[in-house]
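> sequence first, predicted coordinates after that:
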Amino acid sequence: MIIISKKYIDKVLDALIGVLLFATLGVVAGLAVSGRQYIAVQSCEWGLHFEQENTMPTPNMTDRQLNGYGAYFHGDLGKKELYITFDAGYENGYTPQILETLKKHGATAAFFVVGPYIEENPEIIQQMVEDGHIVGNHSYSHPDMRYKSREEFVRELEKTAAVFKEVTGRDMPKFYRPPQGKFSTDNLRWAQREGYTTVLWSSAYVDWNTDDQPSHAYAYEKIDRRTFDGAVFLLHSTSSTNAEILDKQLTKWEEMGYIFKSVADLPRANGFAG
């Protein structure tokens with residue numbers, strides 16, 4: 001019997017995920033979904049290829065392709081700045097600890113949430129707002145937005161923004177992250193016309209499987225290797241590992257000279273006035 005170590009399996013899976021994410025899905029041509037015809041658009045599943053440690057990875061869409069639509073995935077590559085973002089599809093009990101750790105370090109983050117998360121966790125949303133974090137729009141129902149009509153796309157954003165205002169009494173900040181990292185150029189255009197900045201990411205690791213959380217050592221290694229000036233980190237607030245390592249990781253970044261920036265600074269960091 002051949003015994004393969006978990007560490008080896010993790011490395012293989014990580015590599016395969018990187019390859020799959022890096023693949024651009026190409027052109028979606030006249031797809032019929034739920035009885036409706038959709039016009040052909042450029043479609044993408046956001047992906048990154050990490051070639052060298054502590055260096056910006058190679059994306060499957062360039063700054064030139066993204067920035068004109070008000071979409072960004074990194075900050076200023078010449079400054080010791082990091083952008084911390086969390087995706088929150090549901091609450092798993094770790095966000096209060098994450099918020100407490102961020103407050104301890106005076107670190108600003110962005111939380112991209114779906115509509116039901118806001119409805120089910122109003123106190124946590126209020127705390128995010130009071131602590132100065134950005135609560136971004138991750139759609140209402142987390143669908144594959146590539147196959148939505150413009151009306152359906154806008155409705156997903158508007159419904160989430162409406163429940164945010166019901167809970168907080170404030171307008172939702174105009175920052176959007178595509179569910180599953182899947183989008184079309186039409187999606188980017190529609191989001192921009194609705195006043196949204198689309199925020200992708202340039203650093204992440206396999207942290208989302210709540211049934212198989214990475215060890216602290218694995219997480220530190222991956223995050224350290226994918227830290228570079230201007231990186232936008234994607235973490236999941238459902239991760240017990242992230243909640244447990246965040247204090248030490250923030251301390252290490254601070255010791256490296258990094259400051260934590262708001263995603264509101266991304267356009268300026270990419271040379272845009274917005």
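Yep, it's here.
> so for stretch 164-173, what's the average pLDDT?
What stretch 164-173 shows for mean pLDDT is 98.
> what's the answer for stretch 177-185, then?
Averaged over stretch 177-185, pLDDT sits at 97.
> what do you get for stretch 89-100?
98.
> what ranges do the helices span in this protein?
Applying DSSP state H to the chain gives helices spanning 6-22, 63-67, 95-105, 115-120, 122-130, 150-168, 185-193, 216-225, 240-255, 266-269.
> as a markdown table, these with distance to residue 206 and mean neighbour count would be great.
To be clear about C-beta, it is placed using only N, CA and C from the backbone, and glycine gets the same treatment. Putting the helices of the chain into a markdown table (distance: least, Cβ to Cβ, whole Å; neighbours: other Cβ atoms under 10 Å) gives the following:
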| stretch | distance to residue 206 | mean neighbour count |
| --- | --- | --- |
| helix 6-22 | 6 | 12 |
| helix 63-67 | 24 | 14 |
| helix 95-105 | 18 | 18 |
| helix 115-120 | 22 | 19 |
| helix 122-130 | 25 | 17 |
| helix 150-168 | 26 | 17 |
| helix 185-193 | 25 | 20 |
| helix 216-225 | 8 | 16 |
| helix 240-255 | 10 | 18 |
| helix 266-269 | 25 | 19 |
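> would you turn those helices into CSV with distance to residue 56?
Shown next, in CSV, are the helices of the chain (distance: least, Cβ to Cβ, whole Å):
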stretch, distance to residue 56
helix 6-22, 14
helix 63-67, 10
helix 95-105, 24
helix 115-120, 30
helix 122-130, 28
helix 150-168, 29
helix 185-193, 20
helix 216-225, 13
helix 240-255, 16
helix 266-269, 13
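> ok, of those, where does mean pLDDT dip lowest?
In terms of average pLDDT, helix 6-22 trails the rest of the helices of the chain, at a mean of 41.
> who does the strand ranked longest in the chain pair up with?
Criterion DSSP state E: the longest strand present in the chain is strand 81-88. Strand pairing for strand 81-88, using DSSP bridges, gives strand 109-113 (parallel), strand 232-236 (parallel), strand 259-261 (parallel).
> show me what contacts the spatially most central residue of the chain?
Closest residue to the average C-alpha location of the chain: residue 234 at 4.6 Å, with Cα atoms, centre = their mean. Going by Cβ atoms under 8 Å, 6 or more residues apart in numbering, residue 234 touches 85-87, 201, 203-204.
> do the same with residue 56
Counting by Cβ under 8 Å, 6+ apart, residue 56 touches 74, 77, 202, 228, 230-231.
> most neighbours out of the residues you listed, which is it?
With neighbours taken as other Cβ atoms under 10 Å, the top of the contacts of residue 56 is residue 231, carrying 27 neighbours.
> who's in contact with that one?
Shown in contact with residue 231 (Cβ under 8 Å, 6+ apart): 56, 74-75, 82-83, 202-203.
> where strands are concerned, which of those residues count?
Using DSSP E, the contacts of residue 231 in strands are 82-83.
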